[in-house]
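Q: Sequence plus the predicted model coming up.
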Amino acid sequence: MSRHHQPPPAPDPEAEKPWKTIVRQVAAWMSVAAAGGSLWYACSLHHHFDELVKQHQAVDKSHAYILVGCWTLIPPLYFFAEWVWWTNPSEEEHVKHLHELARNFWIAFVIVLAVMTGIKWSGAGE
């Protein structure tokens, strides 16, 4: 008697891979934690800057610029990587919608950080 083995079904290339779900969840939780830590740090910088101004000392805002710069650059890099390398055609609309929502929070967050740390955009109000 010969046994005929059926090959396993081909994996669906459009199916969500477990590692993608894990990466997205970890990225979301890391973003929330980083946002909370950044808000705390911006508050402490704001308080420190106020103290320096009261003492008529120079204010070095390099840490504030680094903080706002990181929040300005890193999220779009993640959005790009997710779109190019981790998004299947079947999930493009869903990911596009999530990116639009995240973008709105991200832009507001960068503005809040800039205001809290006293960063002025060059050319603003001129």
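A: Right, received. Where do you want to start?

Q: ok, and what's touching the helix or strand harbouring residue 67?
A: Residue 67 is part of helix 62-85, with elements assigned from DSSP states H and E. Contacts to helix 62-85, defined as C-beta atoms under 8 Å, 6 or more residues apart in numbering, come from residues 24, 27, 31, 38, 41-42, 45, 49, 95, 99, 102-103, 106, 109-110, 113-114, 117-119. All C-beta spots, glycine's among them, are computed from the backbone N, C-alpha and C.

Q: Mind doing that once more with 6 Å?
A: 45, 99, 106, 110, 113-114, 117, 119 (C-beta atoms under 6 Å, 6 or more residues apart in numbering).

Q: What residues sit buried inside that helix?
A: Buried positions in helix 62-85, judged by neighbour count with 16 or more other C-beta atoms under 10 Å: 64, 67-68, 71, 75, 79, 82.

Q: JSON lines for the contacts of helix 62-85, including pLDDT?
A: Formatted as JSON lines, the contacts of helix 62-85 follow (pLDDT from 0 to 100):
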{"residue": "45", "pLDDT": "86"}
{"residue": "99", "pLDDT": "92"}
{"residue": "106", "pLDDT": "93"}
{"residue": "110", "pLDDT": "95"}
{"residue": "113", "pLDDT": "93"}
{"residue": "114", "pLDDT": "93"}
{"residue": "117", "pLDDT": "89"}
{"residue": "119", "pLDDT": "87"}
